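A.B. asks: got a structure for you, letters missing:
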């Protein structure tokens with residue numbers, strides 16, 4: 001049996017235009033090696049990753065892995081590890097990655113769905129593919145997600161490398177389990193649980209959507225890329241520079257810091273209406289804490305939200321503290337433009 005990949009018609013047409021061969025028949029003489037491929041994804045140039053060169057690069061790397069697995073008879077565990085590593089390599093390690101076997105289809109009929117729940121945030125790439133086992137002929141329907149935001153994934157099926165793999169900023173809380181249950185002396189042990197929690201990765205930028213679409217999006221920006229304490233934080237045309245690489249680093253409670261150029265967005269010790277947001281050394285104080293909820297970034301201590309002053313979308317408009325209103329000048333979303 002060979003290994004093969006199933007694609008959407010839209011993606012197949014796009015790859016055909018780009019000259020990507022979809023012939024994955026048995027007998028390929030010299031499959032491309034993902035490790036040696038030149039496909040790269042620039043984390044600053046995402047739009048909709050599935051429709052850009054970056055998405056094509058990720059998909060092509062998986063196609064190469066399927067080809068290689070077909071010829072070299074790579075086992076499923078090694079294949080899953082290779083897909084994970086390829087996704088990490090192709091995005092420069094800037095994003096979280098999850099690979100999961102969603103269902104198995106047996107060669108003579110019968111489908112077994114593998115349940116899970118997920119709330120992956122800032123998804124930049126999402127693709128289904130099918131690995132056909134050379135051992136039993138079963139089709140394993142995998143899904144790979146590349147995402148940047150804080151998220152969680154609950155595996156309600158079975159674990160192990162043959163079924164799933166993940167990478168990035170993650171933690172996996174332990175749970176109690178009865179071990180040695182078939183003996184006369186069972187005991188309670190602690191093992192990794194089925195839930196994986198993900199923090200934000202550097203590829204996740206925070207950008208304003210409160211703009212005149214004719215003028216394009218605006219990004220949170222460290223003015224003039226100045227890293228001195230008290231430097232102004234403003235909005236600017238999105239340009240992919242380090243001054244706009246805003247990382248929302250938070251824990252499972254959703255409270256975190258907004259980091260750029262190694263420093264934190266700070267409201268000062270006594271913020272009031274109109275207080276300018278500034279850059280400051282990260283110090284874990286309450287004036288540097290933020291919660292992302294319903295599109296807003298709110299400072300829990302003061303109750304103020306991150307606001308574009310006067311709803312002015314001109315370059316250089318400062319970001320300020322203001323009463324949370326839910327209006328468009330306080331709406332933000334995660335993702336790279």
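C.D. replies: That came through, no problem. If you're wondering where the values come from, they're calculated on a predicted model, not measured in any experiment.

A.B. asks: from here on, contacts and neighbour counts on C-alpha atoms
C.D. replies: OK.

A.B. asks: Can you show me the helices along the stretch 201-337 of the chain?
C.D. replies: Using DSSP state H, counting those that start in this stretch, no helices are found in the stretch 201-337 of the chain.

A.B. asks: Tell me where it has strands.
C.D. replies: Along the stretch 201-337 of the chain, counting by DSSP state E, counting those that start in this stretch, strands occupy 206-208, 218-222, 233-237, 247-250, 255-260, 263-266, 278-280, 290-293, 296-298, 304-308, 319-323, 332-334.

A.B. asks: how much does the fifth one deviate in direction from strand 218-222?
C.D. replies: So the one you mean is strand 255-260. With axes from the mean of the first three to the mean of the last three CA atoms, to 10 degrees applied, the angle from strand 255-260 to strand 218-222 works out at 80 degrees.

A.B. asks: can you list the weak-confidence ranges in the stretch 1-150 of the chain?
C.D. replies: Counting by pLDDT under 70, the stretch 1-150 of the chain shows low-confidence ranges at 1-60, 67-73, 122, 124.

A.B. asks: Just give me the neighbour total for residue 182.
C.D. replies: By the measure other CA atoms under 10 Å, the count of residues near residue 182 is 8.

A.B. asks: So which residue is smack in the middle of the protein?
C.D. replies: For the chain, residue 147 is the residue whose C-alpha lies nearest the centre (CA atoms, centre = their mean; 1.2 Å).

A.B. asks: Name the nearest residue to it, ignoring sequence neighbours.
C.D. replies: residue 123 (4.1 Å; CA to CA, 6 or more residues apart in numbering).

A.B. asks: Correct me if wrong: the one you found contacts residue 148.
C.D. replies: Yes: using CA atoms under 8 Å, residue 123 makes contact with residue 148 at a distance of 6.5 Å.

A.B. asks: List the neighbouring strands of the strand or helix carrying residue 127 plus their orientation.
C.D. replies: Per DSSP states H and E, residue 127 falls inside strand 123-132. Using DSSP bridges, the strands paired with strand 123-132 are strand 139-147 (antiparallel).

A.B. asks: gap between the strand it pairs with and the chain center?
C.D. replies: 14 Å (CA atoms, centre = their mean, to the nearest Å).

A.B. asks: Buried residues, that strand. List them.
C.D. replies: Of all the residues in strand 139-147, those buried under the rule 16 or more other CA atoms under 10 Å are 139, 140, 141, 142, 143, 144, 145, 146, 147.

A.B. asks: before we move on, back to that, counting neighbours, what do you get for the residue nearest to residue 147?
C.D. replies: Using other CA under 10 Å, residue 123 is surrounded by 21 other residues.

A.B. asks: Then residue 222?
C.D. replies: 26.

A.B. asks: neighbours around residue 125, how many?
C.D. replies: Neighbour tally, residue 125, other CA under 10 Å: 20.

A.B. asks: Does it touch residue 145 like I think?
C.D. replies: Yes: between residue 125 and residue 145 there is a contact under CA under 8 Å: 5.7 Å.

A.B. asks: Could you double-check that the residue nearest to the centre of the chain sits in contact with residue 99?
C.D. replies: No: counting by CA under 8 Å, residue 147 does not reach residue 99; the two are 11.6 Å apart.

A.B. asks: element containing residue 102, please.
C.D. replies: strand 96-105.

A.B. asks: Show me what that strand is packed against.
C.D. replies: Packed against strand 96-105 by the contact rule (3 or more CA pairs under 8 Å, 6 or more residues apart in numbering; DSSP states H and E) you find helix 76-90, strand 111-113, strand 139-147, strand 164-167.

A.B. asks: Give me the angle between that strand and helix 76-90.
C.D. replies: Going by the same axes, to 10 degrees, strand 96-105 makes 150 degrees with helix 76-90.

A.B. asks: Just checking: what are the partner strands of strand 96-105?
C.D. replies: By DSSP bridges, strand 96-105 pairs with strand 111-113 (antiparallel), strand 139-147 (antiparallel), strand 164-167 (antiparallel).

A.B. asks: Mind putting those strands into a markdown table with distance to residue 184?
C.D. replies: Formatted as a markdown table, these follow (distance: least, CA to CA, whole Å):
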| stretch | distance to residue 184 |
| --- | --- |
| strand 111-113 | 34 |
| strand 139-147 | 38 |
| strand 164-167 | 33 |
